[in-house]
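[1] Have a look; sequence and predicted model below, questions after that.
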Amino acid sequence: MTDLGLLGLCHVGIAVPSVAEFTRTWGTLLGVSDWLVTEIDQPAGLLQLHGERQGPSRSRIAMARLADTAIELVEPLEGRTRTSAWLETRGPGIHHLAFWVRDLDHAVAALADHADVTYSPAARLRPGPAGAPVSAVARGSGPLPVDPGFWLYSESRDAQVPWCLELLDARRADVVRAAFGDHVVYPS
């Protein structure tokens with residue numbers, strides 16, 4: 001058994017063509033009205049997808065709590081992201097489960113023979129020169145630091161059921177809390 005150091009579920013990620021349509025239909029049906037909606041601009045070269053640095057991108061993100069679960073809606077607006085590629089090939093629906101881990105580097109090492117890091121800050125695969133952390137711009141909630149010690153998406157090499165596993169380093173929960181407040185679930 002692989003020990004990823006999982007501490008708990010942060011959120012369920014859903015790829016959507018329209019945050020507004022989802023919140024109006026499914027959000028209303030589920031009784032969820034407190035959505036935190038923000039747009040995130042990623043500069044060119046900041047993110048890698050399947051090992052290739054990506055150009056600039058922009059996504060609309062909506063976060064909400066539904067009982068003890070958090071839901072993240074991701075609507076790609078511009079550029080190539082894991083979610084835009086997913087929507088092109090698989091359509092809308094559950095895209096990822098995001099889990100808190102004790103130590104992201106430990107979790108990546110534990111994944112080594114079973115899964116690939118398919119989407120992450122580019123520095124996770126290609127460390128750059130030391131310097132100030134790079135930030136993505138989250139409109140309405142301030143900058144979100146994007147660094148190799150914070151998050152990544154991975155995908156199993158052998159699974160027949162496609163979805164992404166997002167891993168979030170629990171030592172950086174303060175970054176997520178600053179951006180999303182109580183709209184997500186945090187580790188104990």
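    Here it is on my side, so go on.
[2] now G8, which residues is it bridged with?
    Counting by DSSP bridges, G8 forms beta bridges with W100.
[3] Look up how far F99 lies from it.
    Distance, G8 to F99, by C-beta to C-beta, to the nearest Å: 7 Å. C-beta here means a position set from N, CA and C on the backbone, and glycine is covered the same way.
[4] Quick check on these two: which one has the bigger neighbour count.
    Between G8 and F99, counted using other C-beta atoms under 10 Å, the more crowded position is F99 (20 against 12).
[5] dump the residue contacts of V37.
    Residues counted as contacts of V37 (C-beta atoms under 8 Å, 6 or more residues apart in numbering) are V19, R60, I61, A62, G140.
[6] got a pLDDT number for the last one?
    Translated: G140. We have a pLDDT of 47 for G140.
[7] How are the helices of the protein distributed by residue range?
    19-22, 28-30, 82-90, 104-111, 173-180 (DSSP state H).
[8] For the first one, name the packing helices and strands.
    Under the contact definition 3 or more C-beta pairs under 8 Å, 6 or more residues apart in numbering; DSSP states H and E, helix 19-22 sits against strand 57-66, strand 69-78.
[9] got a pLDDT number for the residue sitting nearest the centre point of the chain?
    Geometric centre of the chain, nearest residue: E166, 5.9 Å, by C-alpha atoms, centre = their mean. According to the prediction, E166 has pLDDT 95.
[10] Sounds good, over and out.
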